[in-house]
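Trainee: Build me a model:
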Amino acid sequence: MNFAEKLLNLRTRYGYSQEVLAEKLKVSRQAISKWELGTTLPETNKVIEISDFFGVSTDYLLKNESQLNNNESLDRVVLKFLSSAQDMGDISKELVDIMADGVIDDDEKVRMNTIINTLDKISTIIDEIRQKVDLD
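Mentor: Numbering: from 1, shown residues only. This next block holds a predicted model:
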């Protein structure tokens, strides 16, 4: 995943519109759009602000996942997967809550997007484990 995809995922996971995120970062909505489309990258100080705002590292934002993952040991990747077990439990509870009335409304669609993003992360960790097991 590249910077543009990560920014879009973070923004939607936390339920911010481009306008709201732009206000928080003191940039234009068009700047956010260009960053998410991958046509431009933010200046270094804005990357740091984005990192602080979403609570992620600048390495996470700027490096492709494959660059980061190759440096991690199999043990570390497995531990990362095990820590996602809590996320999987939360997802199950969240899905039960969403489906309680049998209808998925707009707010619940936003929650579903968050669930999908979390599942994508877990899937990426599983792929990392597969790659490391095949390499070792």
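
Trainee: Next secondary structure element downstream of the helix or strand where Glu94 lies?
Mentor: If you go by DSSP states H and E, Glu94 is part of helix 85-98. Once the chain leaves helix 85-98, the next helix or strand it forms, by DSSP H and E, is helix 106-135.

Trainee: List the buried residues in that following helix.
Mentor: Neighbour-count burial for helix 106-135, counted by 16 or more other C-beta atoms under 10 Å, picks out Glu108, Arg111, Thr114, Ile115, Asn117, Thr118, Lys121, Ile122, Ile125, Glu128, Lys132. From N, CA and C alone the C-beta is placed, and that goes for glycine too.

Trainee: Can you tell me which of those residues is nearest Lys34?
Mentor: Asn117 (21.6 Å; C-beta to C-beta).

Trainee: I'd say that closest one and Arg11 touch.
Mentor: No. With contact defined as C-beta atoms under 8 Å, Asn117 does not count as touching Arg11 (10.6 Å).

Trainee: Name the spans of the chain whose pLDDT lies under the cut-off.
Mentor: Within the chain, the stretches with pLDDT under 70 are 65-72, 134-136.

Trainee: switch the cut-off to 50
Mentor: The chain contains residues with pLDDT under 50 at 66-69, 136.

Trainee: hang on, the earlier thing: would you turn the buried residues of helix 106-135 into TSV with distance to Asp90?
Mentor: Supplementary listing: the buried residues of helix 106-135 in TSV, determined by distance: C-beta to C-beta, whole Å:
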residue	distance to Asp90
Glu108	15
Arg111	11
Thr114	10
Ile115	9
Asn117	13
Thr118	8
Lys121	13
Ile122	12
Ile125	16
Glu128	21
Lys132	26
